[in-house]
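Novice: Pasting a predicted model and its sequence here:
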Amino acid sequence: MTSISALIVVASNRAADGVYEDTSGPVLVQGFAAAGFGVAGPVVVHDGGEVEQALRDAVDDGFDLVVTTGGTGLTSLDLTPEMTRRVIDREVPGISEAIRAAGLAKTPFAALSRGTAGVAGTTLIVNIAGSKGAAQDALTVLTAEFLTHAVSQLKDGDHPRPETEAAGHGGSA
C-alpha cells in the first residue's frame with residue numbers, strides 16, 4: 001500500500017490565539033499515523049481566510065488528504081465549510097453524511113455540524129467538528145481501507161473487483 005499523505009488543519013480562533021490548546025488535531029494525527037499514513041500537522045489557524053489559504057497550500061503541496069477540525073458549527077465565526085467550498089472542485093456529500101451518522105449514534109449535537117467534504121484536484125478535503133469525540137467518530141469512517149480506495153479513485157484508479165466478478169461470474173457494476 002502506498003502511504004497516504006495527510007495534513008490536519010485545526011480551524012480555531014481561540015486555539016490560534018493561545019486561549020487553549022486544541023485536543024482534536026492530535027487525535028487525528030495519532031489515528032492516521034497508526035493507520036500508516038504520512039501525517040503533517042496539526043496546523044492551527046484562525047477560521048475564515050486562514051483556513052482557505054491552508055487548504056490551497058495543502059493542495060499545491062500535493063497532499064492526498066486534508067482533514068480540518070473545527071469551524072463547522074452555527075456561530076457567525078464558523079466559516080470552514082464556506083472556505084472549503086471555495087477550494088474544492090466538487091463535493092463528496094456521502095463522507096460528511098457518514099461522519100455525522102457516526103456521531104449521531106452518540107450525541108444529537110452531531111447533527112449541528114455543517115462540515116462538508118470534497119475534491120480539489122487530487123486532494124480529498126474533509127471537514128469535521130472540533131471536538132475529540134468528533135475526531136474519533138471521523139476515524140471510524142475514514143479508515144485506511146476507505147481512504148486508500150478514495151485516493152486511488154482520485155488518481156483514476158480502478159474499482160477493486162471480487163474474484164468472482166473479475167472471472168465473469170456475476171456481481172454488479
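Specialist: On my side now, so go ahead.
Novice: Are we agreed that residue 118 is in a strand?
Specialist: Yes - secondary structure of residue 118 (DSSP: H, G, I helix; E, B strand; the rest coil): part of a strand.
Novice: Tell me what it is bridged to.
Specialist: Bridge pairing for residue 118 (DSSP bridges) gives the partners residue 91, residue 125.
Novice: Please list all residues in contact with residue 35.
Specialist: Residue 35 is in contact with 143-144, 147, counting by Cβ atoms under 8 Å, 6 or more residues apart in numbering. Heads up, the C-betas are built off the backbone N, CA and C, glycines and all.
Novice: PyMOL command to pick out the buried ones of those residues?
Specialist: In PyMOL, a selection of the buried entries from the contacts of residue 35 looks like this (16 or more other Cβ atoms under 10 Å):
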select buried, resi 147
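Novice: just the contacts of residue 35 now: which is nearest residue 70?
Specialist: residue 147 (20.5 Å; Cβ to Cβ).
Novice: what about that closest one, helix or strand, and which?
Specialist: helix 144-154 (DSSP states H and E).
Novice: With residue 155 as the reference, measure out to residue 50.
Specialist: According to Cβ to Cβ, to the nearest Å, residue 50 and residue 155 sit 29 Å apart.
Novice: the more surrounded of these two?
Specialist: Each of residue 50 and residue 155 has its neighbours counted (other Cβ atoms under 10 Å); residue 50 has more, 18 against 9.
Novice: Surely the more buried one is in a helix?
Specialist: Yes - counting by three-state DSSP, residue 50 is part of a helix.
Novice: Run through the residues that contact it.
Specialist: Residue 50 sits in contact with 11, 16, where contact means Cβ under 8 Å, 6+ apart.
Novice: Would you quantify the distance from it to residue 120?
Specialist: Taking Cβ to Cβ, one finds residue 50 at 17 Å from residue 120.
Novice: what separates stretch 127-143 from the chain centre, distance-wise?
Specialist: Remark: stretch 127-143 is offset 8 Å from the chain centroid, using Cα atoms, centre = their mean, to the nearest Å.
Novice: Could you give me the buried positions within that stretch?
Specialist: Within stretch 127-143, the residues scored as buried using 16+ other Cβ under 10 Å are 127-131, 133-139, 141-142.
Novice: try stretch 10-27
Specialist: Within stretch 10-27, the residues that count as buried by 16+ other Cβ under 10 Å are 10-16, 22, 24-27.
Novice: Format these as CSV; extra columns: secondary structure.
Specialist: What follows is these, written out as CSV (three-state DSSP):
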residue, secondary structure
10, strand
11, strand
12, coil
13, helix
14, helix
15, helix
16, helix
22, coil
24, helix
25, helix
26, helix
27, helix
